[in-house]
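K.L.:
Structure for this input, please:
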Amino acid sequence: MIIGGCGHVGLPLGLALAHAGREVIGLDLDAEKVAQTNAGEMPFKDRGADELLVEVLASGRFRCTTDEAVICAAEIVITVIGTPLDQHLNPTFDVFHEITRAENTPLRAGQLFVLRSTIYPGTVERVADSLRRRGLDIDVAFCPERVAEGVALEEIRSLPQIVAGCSERAQARAAELFALIAPQIVPLAPMEAELAKLYTNAWRYIQFSISNQFYMMANDFGLDYEAIQSAMTLGYPRAKGFPSAGFAAGPCLFKDTMQLSTFHGNSFFLGHAAMLVNEGLPNYVVKRAAMRFDLRSLRVAILGMTFKANSDDPRDSLSYKLKKILRVEAAEVLCSDPFIEGDPDLLPLEQVLAEADLFFIGAPHDVYRDVEFTKPVVDIWNITQQGSSIL
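P.N.:
Residues are numbered from 1 along each chain as shown. A predicted model of the protein is given here:
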């Protein structure tokens with residue numbers, strides 16, 4: 001049984017486990033997504049998931065529901081609820097207090113309770129202690145997801161799985177479960193596993209910030225950063241994997257970097273520097289564009305509103321921060337994205353190409369590679385091969 005079973009983390013996991021022979025129920029509060037999933041339609045893009053969803057529904061090993069009563073009946077409960085941040089960028093634990101309180105917890109003795117999403121260090125032990133104090137003999141483990149959105153199903157079944165149980169029995173049960181779908185089990189202590197997940201995301205966030213800082217540095221001197229980055233990485237193993245410039249966003253990287261900072265007494269200086277660079281990039285782009293173009297007289301367009309290329313997920317996308325800034329600086333802002341459905345504020349690509357005077361690439365969707373732009377493009381990603389250096 002998976003709490004959050006129709007989301008980007010829970011649904012691919014449920015499909016993988018059902019395909020491996022387990023009976024899986026996905027619990028989700030979103031009735032529309034539950035109905036959509038039970039009808040055999042994926043609520044988001046994930047490679048290979050469309051076909052597998054139809055297969056496991058037909059097998060009878062998978063279904064979704066909004067009925068929380070299924071939690072009590074399950075042998076194994078996997079929650080994909082992570083640790084949210086408050087308005088001061090500090091982690092909050094209310095969501096875990098709700099599920100572990102004795103007077104209303106749906107959990108019962110004998111279950112294996114697996115925390116799956118990124119959590120603040122010490123959370124899994126805190127949850128286990130809370131259940132223990134309330135007299136509930138429940139095995140608690142942390143088995144973090146480490147997949148990339150859009151290919152989650154593939155990576156669930158190809159990447160090693162970190163498993164951290166709060167007891168030997170919890171460790172053994174969680175390892176047995178994930179051995180059904182993962183090629184290798186990597187045992188760690190609970191806090192080691194929590195930090196491994198946070199370190200991974202913070203490392204990626206810092207990598208992006210270095211590239212973005214280098215981009216701004218080169219751009220300020222009128223140099224072509226893409227040419228420099230290409231020269232750095234071409235055939236040079238020690239620069240392998242060095243990212244290009246672009247918006248570093250999404251629901252994980254920034255949040256997890258801030259969780260690490262809080263964990264270490266707000267002394268994670270590299271993390272704070274990365275935040276300033278990455279979160280400041282939209283403002284930098286607009287400021288530089290305003291030095292070249294009279295934005296107040298122009299109708300501008302943002303192409304791509306999701307947080308990364310060829311995704312349908314707009315969560316925490318910096319394109320929306322760019323939109324907010326441009327609404328102050330430009331005469332009018334138009335937005336378009338081929339992957340987001342149901343948003344009345346988004347216009348068809350053909351319309352914005354005809355109506356806008358200046359274009360900003362927010363997310364580097366492949367579709368923009370073949371567009372023949374007749375007006376200026378601000379493209380920090382350089383996906384159009386014509387806009388990276390115009391600032």
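
K.L.:
low-confidence ranges in the stretch 101-250 of the chain?
P.N.:
The model of the stretch 101-250 of the chain has pLDDT under 70 over residues 101-103.

K.L.:
residue ranges of the helices in it, please?
P.N.:
Listed in chain order, the helices of the stretch 101-250 of the chain (DSSP state H, counting those that start in this stretch) span 123-133, 152-156, 168-178, 190-220, 225-233.

K.L.:
if I look at Arg299, how far off is Ala290?
P.N.:
15 Å (C-beta to C-beta, to the nearest Å). From N, CA and C alone the C-beta is placed, and that goes for glycine too.

K.L.:
Phe359 now?
P.N.:
For Phe359, the distance to Ala290 equals 15 Å [C-beta to C-beta].

K.L.:
So between the two, which is more surrounded?
P.N.:
Ranked by neighbour count (other C-beta atoms under 10 Å), Phe359 and Ala290 place Phe359 first, with 24 against 15.

K.L.:
Let's verify the more buried one: helix, strand, or coil?
P.N.:
What DSSP: H, G, I helix; E, B strand; the rest coil gives for Phe359 is strand.

K.L.:
Quick one: residues contacting it.
P.N.:
Val300, Ala301, Ile302, Leu303, Val352, Phe373, Lys375, Pro376, Val377, Val378, Asp379, Gly387 (C-beta atoms under 8 Å, 6 or more residues apart in numbering).

K.L.:
For the residue lying closest to it once chain neighbours are set aside, grab the count of nearby residues.
P.N.:
In this structure, Phe359 finds its nearest non-sequential neighbour in Val377, 4.7 Å apart by C-beta to C-beta, 6 or more residues apart in numbering. Using other C-beta under 10 Å, Val377 is surrounded by 21 other residues.

K.L.:
got it, and Gly14?
P.N.:
Neighbours of Gly14 (other C-beta under 10 Å): 30.

K.L.:
what do you get for Asp50?
P.N.:
Neighbourhood size, Asp50 [other C-beta under 10 Å]: 14.

K.L.:
Quick check: closest non-adjacent residue to it.
P.N.:
Met42 (5.3 Å).

K.L.:
okay, now the one you found: neighbour count?
P.N.:
Neighbours of Met42 (other C-beta under 10 Å): 20.

K.L.:
Would you map out the domains in the protein?
P.N.:
With domains defined by automatic domain parsing, the chain comprises 2-188, 196-378.

K.L.:
Could you dump those domains into a markdown table and include distance to Leu391?
P.N.:
A markdown table is the format used below for these (distance: least, C-beta to C-beta, whole Å):
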| stretch | distance to Leu391 |
| --- | --- |
| domain 2-188 | 29 |
| domain 196-378 | 4 |
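
K.L.:
which residue sits closest to Phe208 in space, ignoring its chain neighbours?
P.N.:
Counting by C-beta to C-beta, 6+ apart, the residue nearest Phe208 is Ala248, at 3.6 Å.

K.L.:
I'd like to know how many residues surround that neighbour.
P.N.:
The number of residues near Ala248, taken as other C-beta under 10 Å, comes to 26.
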